[in-house]
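>>> can't give you the sequence, but here's the structure:
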C-alpha cells in the first residue's frame, strides 16, 4: 500500500544534530559563534517565509520567525545581525 506524499514530508525546521564546540577558546568566542548560528537560522527562516529584504525584517518579524522555528526570542543585537546577513547576501 503506497504511503501518501504528505506522510513522507518532514517538519520544515528540525533541529540540527549538535556537535561539541572546540575547547580552549575565550568565552566571547562561544557567545559570538552561537549568536551567528542563531542569526543564520533566523535569516533562512525569514527567506523561506517570503521576507527577502532587510527593511522588511523588523525586530517583531524576526522574533515571530524565532517562535515559528522554536528558538528563544533574539536580542536586538541578533536581530541586527540577521538584517546584516540578509543585506550582504544580496
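That came through, no problem. Keep in mind that this is a model prediction, so the values were computed, not measured.

>>> right, and the helix or strand after the single longest helix found in the chain?
The single longest helix within the chain, with elements called by DSSP state H, is helix 27-48. Next along the chain after helix 27-48, taking DSSP states H and E as the criterion, comes helix 59-69.

>>> that following helix versus helix 27-48: what angle between them?
Between helix 59-69 and helix 27-48, the angle comes out at 90 degrees (axes from the mean of the first three to the mean of the last three Cα atoms, to 10 degrees).

>>> in terms of secondary structure, what does the longest helix of the chain contact?
Here helix 27-48 touches helix 59-69, helix 76-88, going by 3 or more Cβ pairs under 8 Å, 6 or more residues apart in numbering; DSSP states H and E. Just so you know, the C-beta spots here come from the backbone N, C-alpha and C atoms, and that holds for glycine as well.

>>> now tell me what touches the last one from outside.
Residues outside helix 76-88 that contact it (Cβ atoms under 8 Å, 6 or more residues apart in numbering): 35-36, 38-40, 42-43, 46-47, 52-54, 57, 59, 62-63, 74.
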